[in-house]
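Peer 1: Pasting a predicted model and its sequence here:
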Amino acid sequence: MTAALALLAALFLGVADFLGGVLSRRVAQITVLVLSQLVATAAVVPRVLLEPIGPDALPAYGWGALSGAGAAVGVSALYRALAIGTMGVVAPISALGVLVPVAAGLVGGDAPGALLVIGMIVAVVGSVCASGPELRGRGRGGGVKPVILALVAAAGFGTNNLAVAWGSAHDISATLLANVLVTLGLYLVALAMLRVVPRARGRDLVGIVAIGLLGFVANLCFAVASDSGMLSVVAVCASVFPAVTAVLGWWVLKERLLPVQVMGVVLVLGGVAVVAVSH
């Protein structure tokens, strides 16, 4: 169940990132960020009502606030990178954020067996290869800027995932509430500085709502999974989202999948299968 929840988080996050990248190409990015985060903030209300925050949730608020800051940095950097670069290059680089919670989990006492370690390594390698990083700079996604933004996104996502996991050990609802509120607050500050009035309609608005819901559910799945299983395993399973983004880029946007990309997707699925069975 732990691995399944983490994989669901990866699926939802991969779809949300694809939508965010596509919409940021034709709608002001701050509009996408603010409106989708408003949806995510509203989505946390039922969770808090169904599982009220406990009396000892103070540490969870702190970790939730840190995760919210990490998410704000990670998502904004990723959407910009996806908007100006090739999804197949940007997504796997951003997945390197998995190294943060995996390292913390191992330092904290996670003791995966040899087969499980092999599965995790294969999955991480597959995540990086999934979209075939075309480092020669060919096509619309060439250049250093998308790569730098993707690395910033990786740091933000790593911080977010680690803080969500640690906060969830105290109180999941409090962690998620602080997460969405801090992220929304930072986006609103950016909105005020940019002096942009967020507007979206039709398919764009539907896509933005979907991003908010998918992002919140992904965070919820990750929080529950990390509270019930080894952080290193959960983090690796959740890190396969680049494969989803890459496949959607190929299917919907007709981005060409190189042989290394196909190999990466196969490695991701194989590694995750090993992790799931071993766990």
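Peer 2: Arrived safely, thanks for sending.
Peer 1: Please name every helix or strand in contact with the strand or helix carrying V90.
Peer 2: Per DSSP states H and E, V90 falls inside helix 87-94. With contacts defined as 3 or more C-beta pairs under 8 Å, 6 or more residues apart in numbering; DSSP states H and E, the packing partners of helix 87-94 are helix 2-23, helix 58-84, helix 114-129, helix 145-168, helix 241-252. Bear in mind the C-beta positions are built from the backbone N, C-alpha and C, glycine included.
Peer 1: Determine how far the next helix or strand after that helix lies from the middle of the whole chain.
Peer 2: Downstream of helix 87-94, the first helix or strand assigned by DSSP H and E is helix 99-107. The chain centroid and the centroid of helix 99-107 are separated by 16 Å, computed with C-alpha atoms, centre = their mean, to the nearest Å.
Peer 1: pLDDT of stretch 92-111, averaged?
Peer 2: For stretch 92-111, the mean pLDDT works out to 78.
Peer 1: what does that stretch contact?
Peer 2: If you take C-beta atoms under 8 Å, 6 or more residues apart in numbering as the criterion, stretch 92-111 is touched by 74, 78, 81, 120, 124, 127-131, 133, 147, 150-151, 153-159, 161-162, 165, 226, 230-236, 238-242, 246, 264.
Peer 1: of these, buried ones?
Peer 2: Buried members of these, scored by 16 or more other C-beta atoms under 10 Å, are 74, 78, 81, 120, 124, 127-131, 133, 147, 150-151, 153-159, 161-162, 165, 226, 230-236, 238-242, 246, 264.
Peer 1: so where's this structure uncertain?
Peer 2: Along the chain, the model assigns pLDDT under 70 to residues 130-143, 257, 276-279.
Peer 1: check contacts around the closest residue to G70 other than its chain neighbours.
Peer 2: Excluding the flanking residues, the one nearest G70 by C-beta to C-beta, 6 or more residues apart in numbering is T159, at 3.3 Å. For T159, the contact set (C-beta under 8 Å, 6+ apart) comprises L66, S67, A69, G70, V73, G74, G97, V100.
Peer 1: Could you single out the nearest of the residues you listed to T41?
Peer 2: For the contacts of T159, the residue nearest T41 by C-beta to C-beta is S67; the value is 14.1 Å.
Peer 1: Can you report how many residues lie near that closest one?
Peer 2: Neighbourhood size, S67 [other C-beta atoms under 10 Å]: 31.
Peer 1: Thought G167 was touching it, still the case?
Peer 2: Yes: between S67 and G167 there is a contact under C-beta atoms under 8 Å: 6.4 Å.
Peer 1: Name the residues contacting each of the two.
Peer 2: T175, A178, N179.
Peer 1: how close does G202 sit to I208?
Peer 2: In this view, G202 and I208 are 11 Å apart by C-beta to C-beta, to the nearest Å.
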